[in-house]
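Trainee: sequence and predicted model, in that order:
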Protein chains: 4
Amino acid sequence: MSDMTETTPGWLSPDDLEQARARMPILYVEAVPVRVDDSGEVTSIGLLLRMGPEGTVSRTLVSGRVMHHERVRDALLRHLEKDLGPVALPRVPAALQPFTVAEYFPTLGTTPFHDPRQHAVSLAYIVPVTGDCRPRQDALDLVWFSPQEAASPLVQSDMPGGQGVLLKQALAHVGCLT
Amino acid sequence: MSDMTETTPGWLSPDDLEQARARMPILYVEAVPVRVDDSGEVTSIGLLLRMGPEGTVSRTLVSGRVMHHERVRDALLRHLEKDLGPVALPRVPAALQPFTVAEYFPTLGTTPFHDPRQHAVSLAYIVPVTGDCRPRQDALDLVWFSPQEAASPLVQSDMPGGQGVLLKQALAHVGCLT
Amino acid sequence: MSDMTETTPGWLSPDDLEQARARMPILYVEAVPVRVDDSGEVTSIGLLLRMGPEGTVSRTLVSGRVMHHERVRDALLRHLEKDLGPVALPRVPAALQPFTVAEYFPTLGTTPFHDPRQHAVSLAYIVPVTGDCRPRQDALDLVWFSPQEAASPLVQSDMPGGQGVLLKQALAHVGCLT
Amino acid sequence: MSDMTETTPGWLSPDDLEQARARMPILYVEAVPVRVDDSGEVTSIGLLLRMGPEGTVSRTLVSGRVMHHERVRDALLRHLEKDLGPVALPRVPAALQPFTVAEYFPTLGTTPFHDPRQHAVSLAYIVPVTGDCRPRQDALDLVWFSPQEAASPLVQSDMPGGQGVLLKQALAHVGCLT
């Protein structure tokens, strides 16, 4: 999650955020945007194309913090709209049970997930989207991949901080990892 | 599941079905039809109103057998269409992980679930529906209840074979059981 | 979660904790301690008996914060040991997927869960314990209840902040809510 | 699941089983035996070494049918004991929610799972075992693999009928697929 910038105004000042990050785990939500057919089967996975700080290109999931006094499902909806635009029509799950919990540590090797900025704990959900996705903010594009492509080394190598592992966990959960 | 009749032609003859039911567990799917708001939160639950064999009235979930060589998600879709009509627009889940497995036994007391006809093992899913529901087959009506009403003793007492327990499990899973 | 005191030294100072609580959701883990039989079926549920700030008696689940740079499973283990003693032999789950996520808000009514001190987001797990439980810290006792007793109004009314709802969700998840 | 023989006496005659398999999905349970550390993290995965009908060697999960009037958790326990011996001390999960449902079809390509004999629908569970495993019946040995080894092409290629895919789904579910 190293390349995600959050620009929602009016929450923590950069200084306060810096301080909080050094002291406690920060709660995140992550969404794997998918297209499904009528029977619910996943047909493709959407990944955001982002430009990293050093000009590197990376592919990421929808991801962001949960704010104070914000419900998890509202945070999911807010980040989906922020990253996919206002007409993506995401189907936020009815149940809050995530398919997994991803733990990003500032040090390498504790888990497969790494975020140099912070200790982030992320509730991960599969979210079917049916509308038109128009990436906003710092994302250049949203590209749809087949499950096979999404699990390929080529795509995986573009995903920072272990998000490729999280994507494979999502594919396994929906029966699309072969 | 005592009042559910299945009339899909061309599968097991009544005799063959009788024989199979005496010998092995029969695989079922069950769906709890729900309405959700934009954030995915369940706002109401749809229950079928059925006329039982002795003129009794009962409320049931969407339920039915999985056929030979049929995928679980196709069975879900078939029974949702059979019970809710062709324009209910059900959102079959992307993942096959059910929220629970309900075991209906022909004898009372082994589990909270009972089906005098058979040992049925049922994969249970929450299914948001967004379209217009027009019950077909032997159902008289589909009635929408708030989560509070659905968990009330009045509604629970109309649900045969332990389906009221399954409904409460569904409500608990989506955070609507208080 | 209103009556839980955390006394682990060396983390946030009381002032810092106060400040963090006013600004961001605080990550918690909660465990429902259960006894199971050989087939894994839950036979009883353990609730801590605590003395509240005004002399009120309350029953609670095992609960506590996740510390900076601590894995969720280590936080679970730490709080289980803290609340149940060193020989409870808890079986922390192999998968991090919680059975639900409980959102405690400082204001009433947003969710069934309420914590006047903070916005806490809690990953909830069922944890079989096989050893001898000796409550420590501020808990007076650990009492084992049958699933029926645990869901009864009497026990539920002793559980603060909506933990009774979370307990019912746990009972539903393990098929013990009738 | 092509190489699993079931020899429990007194259920279906071979003829009856043959007939049932041609007409309806057969309910199975599958268990991934694992060793876990104190924090619940999976440290190794146990695979049965079996001799196939044509002298081929294969590695399989614990697997078998659910009998008429048998609970899923009792079927799990029975097959675990049958395959791992009487002192394996398996920890059958408290909740019946499987981590996934594997659908084995007699034709290739419908799902990643294939069983030439039948349409089998299998509820899949992770099962920590703490005792001494002594394979019985037609299994030659039980071999423990690290998560990395279990996901390797070498081990995967020895697993028939798509069980390697199921194993990877299990590894993803417990956070051990990298």
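Mentor: Perfect, thanks for sending it.

Trainee: the longest helix anywhere in chain A close to chain B?
Mentor: Counting residues, the longest helix found in chain A (DSSP state H) is helix A:72-84. Yes - residues of helix A:72-84 contacting chain B under Cβ under 8 Å from any Cβ of the partner chain: A:73-74, A:76-77. (Glycine included, C-beta is placed from N, CA and C.)

Trainee: what ranges does chain A have for its strands?
Mentor: Secondary structure of chain A (DSSP state E): strands located at A:26-36, A:42-51, A:57-60, A:62-65, A:100-105, A:113-114, A:120-128, A:139-145.

Trainee: quick check: phi and psi at A:Thr56.
Mentor: phi -70, psi 150 (degrees, to the nearest 10).

Trainee: could you list the contact residues of chain A toward chain D?
Mentor: Going by Cβ under 8 Å from any Cβ, the residues of chain A near chain D are A:100, A:111-112, A:165, A:168-169, A:171-173, A:175, A:177-178.

Trainee: where does chain A have its least confident helix or strand?
Mentor: helix A:14-21 (a mean of 79; mean pLDDT, DSSP states H and E).

Trainee: of the residues of chain A next to chain D, which ones also sit close to chain C?
Mentor: A:100, A:111.

Trainee: take the strands of chain A and lay them out in CSV including mean neighbour count and distance to C:Pro14.
Mentor: Listed next are the strands of chain A as CSV, based on neighbours: other Cβ atoms under 10 Å in any protein chain shown; distance: least, Cβ to Cβ, whole Å:
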stretch, mean neighbour count, distance to C:Pro14
strand A:26-36, 24, 21
strand A:42-51, 20, 40
strand A:57-60, 20, 37
strand A:62-65, 24, 24
strand A:100-105, 24, 26
strand A:113-114, 20, 31
strand A:120-128, 24, 23
strand A:139-145, 16, 41
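
Trainee: wait, which of the ones you listed is closest to D:Ala139?
Mentor: Proximity of the strands of chain A to D:Ala139 was assessed by Cβ to Cβ; the nearest stretch is strand A:100-105, lying at 31.2 Å.

Trainee: any part of the closest one near chain B?
Mentor: No - Strand A:100-105 stays clear of chain B (Cβ under 8 Å from any Cβ), getting no nearer than 11.5 Å.

Trainee: what's in contact with that strand?
Mentor: Residues outside strand A:100-105 that contact it (Cβ atoms under 8 Å, 6 or more residues apart in numbering or on different chains): A:1, A:28, A:30, A:110-111, A:113-115, A:118-124, A:161-162, A:166, A:169, A:173, C:69, C:71-72, C:95-98, C:123, D:172-173, D:175.

Trainee: strand C:120-128 and that one, what's the angle between them?
Mentor: With axes from the mean of the first three to the mean of the last three Cα atoms, to 10 degrees defining the directions, strand A:100-105 sits at 120 degrees from strand C:120-128.

Trainee: near chain B, which residues of chain A are found?
Mentor: A:34, A:36, A:38-42, A:71, A:73-74, A:76-77, A:91-97, A:99, A:126, A:128, A:173-175.

Trainee: spell out for me the ChimeraX command that would select the buried members of those residues.
Mentor: The ChimeraX selection below is limited to those of the residues of chain A next to chain B classed as buried (16 or more other Cβ atoms under 10 Å in any protein chain shown):
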select /A:34,36,39,40,41,42,71,73,74,76,77,91,92,93,94,95,96,97,99,126,128,173,174,175
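
Trainee: how many residues are close by the residue in chain A that chain D sits nearest to?
Mentor: Closest approach between chain A and chain D, counting by Cβ to the nearest Cβ: A:Ala172, at 3.5 Å. By the criterion of other Cβ atoms under 10 Å in any protein chain shown, A:Ala172 has 26 neighbours.

Trainee: how about it, nearest residue that isn't a chain neighbour?
Mentor: D:Ala172 (3.5 Å; Cβ to Cβ, 6 or more residues apart in numbering or on different chains).

Trainee: do I have it right that the one you found meets A:Lys168?
Mentor: Yes - with contact defined as Cβ atoms under 8 Å, D:Ala172 counts as touching A:Lys168 (6.2 Å).

Trainee: what do these two both touch?
Mentor: Contacts common to D:Ala172 and A:Lys168, judged by Cβ under 8 Å, 6+ apart, are A:Leu177.

Trainee: so where's chain A uncertain?
Mentor: By pLDDT under 70, the low-scoring segments of chain A are A:1-11, A:137.

Trainee: same thing but 80
Mentor: A:1-14, A:16-18, A:22, A:52-54, A:136-138 (pLDDT under 80).

Trainee: enumerate the residues of it near chain C.
Mentor: A:12, A:16, A:20, A:22-27, A:65-72, A:95-101, A:103, A:105-107, A:110-111, A:119, A:121, A:123.

Trainee: any idea how far the residue nearest to A:His114 when sequence neighbours are not counted lies from chain B?
Mentor: Leaving aside its chain neighbours, A:His114 sits nearest to A:Gly161 (5.0 Å; criterion: Cβ to Cβ, 6+ apart). Computed as Cβ to the nearest Cβ, to the nearest Å, the A:Gly161 to chain B distance reads 24 Å.

Trainee: what of A:Thr110?
Mentor: Taking Cβ to the nearest Cβ, one finds A:Thr110 at 27 Å from chain B.
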